[in-house]
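> 3D model of this:
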Amino acid sequence: MKVIFMGTPEFSVGTLAAIVEAGHEVVVAVTQPDKPKGRGKEMQCTPVKEYALAHGIPVYQPQRVRRPECVEELRKYHADVCVVIAFGQILPKEILEMTPYGCINVHASLLPKYRGAAPIQWAVINGETVSGVTTMQMDEGLDTGDMLEKVEIPLDPKVTGGELHDLLAKAGAKLCVQTLSKLGTGELHPKKQGETTTEYARMLDKQLGHIDWNRSAVEIERLIRGLNPWPSAYTTWKEKTMKIWEADVIDKKTDAVPGTVIEVTKQAFFVQTGDGVLRVNALQIPGKKRMETDAFLRGYSIEKGEIFH
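As a prediction, the model looks like this:
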């Protein structure tokens, strides 16, 4: 099958590789333009571009995929299907209907839950016990097309956003190849999504990671895991930003103000929240690498009664 592949970040690469390994012909990889990165602001390729170039796949990087010249460029490939996964731009109707089998999307949630840009992280933040991947026949809405196939992934109670990212990337790659093999065979039975009461999985930003100690310990611990590795959860300690990478919920009640350090041991320190206590196990301060709290406490002093803001 001749495939136009549209994707950008690392999450997309596994699916692109699986399509190639399954014997399909990827006629072009469409990805976002290169962007400057790091202190030197050097232009950096997207992960999908890097893979495509390494495997001899033509690359196309339109500034705006909705422009007429982009639509005409893609028509030249006479593809059978378009596969889209975390591309980063909304597709026009002309591209959605360009190929005989339309556009198949691989979405990192069990639709209709968690439509939107960050379904992986929000599943962790919201305390889901099961996540998964859905292949979908794309329409002009945002993640609203008919569902084709799903695979469920049970979530470990301590899974992080980064760990779930990797699990779903692998599952999505396998499911996409399975869905492609069934196109035109009559084995697929598209299903309407209907409505969902789940909050839209809005895009992440750094401000989201600012810990509100008035929230419960359970909510804060989920936030810490969901935003690991990016953008990370953080608080303010002695006018410095302290990232918190790992914590445990302790079922304990005190009269302390939320954000107050109520206990310090050689291994960890404990912070009062709006409901329950948080045991901080791993953290990071500016200029230092991530470290276990026991290592931090050997070099820095945190006193009982201090308050995080």
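> can you give me the strands for the stretch 1-150 of the chain?
Applying DSSP state E, counting those that start in this stretch to the stretch 1-150 of the chain gives strands spanning 2-7, 25-30, 35-37, 42-44, 59-60, 81-85, 103-107, 130-137, 146-154.
> redo those as CSV? Include mean pLDDT and mean neighbour count.
All C-beta spots, glycine's among them, are computed from the backbone N, C-alpha and C. Converted to CSV, the strands of the stretch 1-150 of the chain look like this (pLDDT from 0 to 100; neighbours: other Cβ atoms under 10 Å):
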stretch, mean pLDDT, mean neighbour count
strand 2-7, 98, 24
strand 25-30, 98, 21
strand 35-37, 86, 10
strand 42-44, 89, 11
strand 59-60, 98, 16
strand 81-85, 98, 25
strand 103-107, 98, 24
strand 130-137, 98, 23
strand 146-154, 98, 16
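> out of those strands, which is closest to residue 261?
Shortest distance between residue 261 and the strands of the stretch 1-150 of the chain, using Cβ to Cβ, is found for strand 130-137: 33.8 Å.
> how far off centre is that closest one?
Mean-position distance between strand 130-137 and its chain equals 13 Å (Cα atoms, centre = their mean, to the nearest Å).
> again, but for stretch 10-22
Remark: stretch 10-22 is offset 17 Å from the chain centroid, using Cα atoms, centre = their mean.
> what sits up against it?
Contact with stretch 10-22 is made by 3, 5, 7, 26, 29, 47-48, 51-52, 55, 57, 83, 85-87, 106, 108, 165, 168-170, 172-174, 176-177, 180-181, as judged by Cβ atoms under 8 Å, 6 or more residues apart in numbering.
> now the strands of the stretch 1-150 of the chain in JSON lines, with distance to residue 225?
Shown next, in JSON lines, are those (distance: least, Cβ to Cβ, whole Å):
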{"stretch": "strand 2-7", "distance to residue 225": "26"}
{"stretch": "strand 25-30", "distance to residue 225": "32"}
{"stretch": "strand 35-37", "distance to residue 225": "26"}
{"stretch": "strand 42-44", "distance to residue 225": "28"}
{"stretch": "strand 59-60", "distance to residue 225": "35"}
{"stretch": "strand 81-85", "distance to residue 225": "24"}
{"stretch": "strand 103-107", "distance to residue 225": "21"}
{"stretch": "strand 130-137", "distance to residue 225": "13"}
{"stretch": "strand 146-154", "distance to residue 225": "15"}
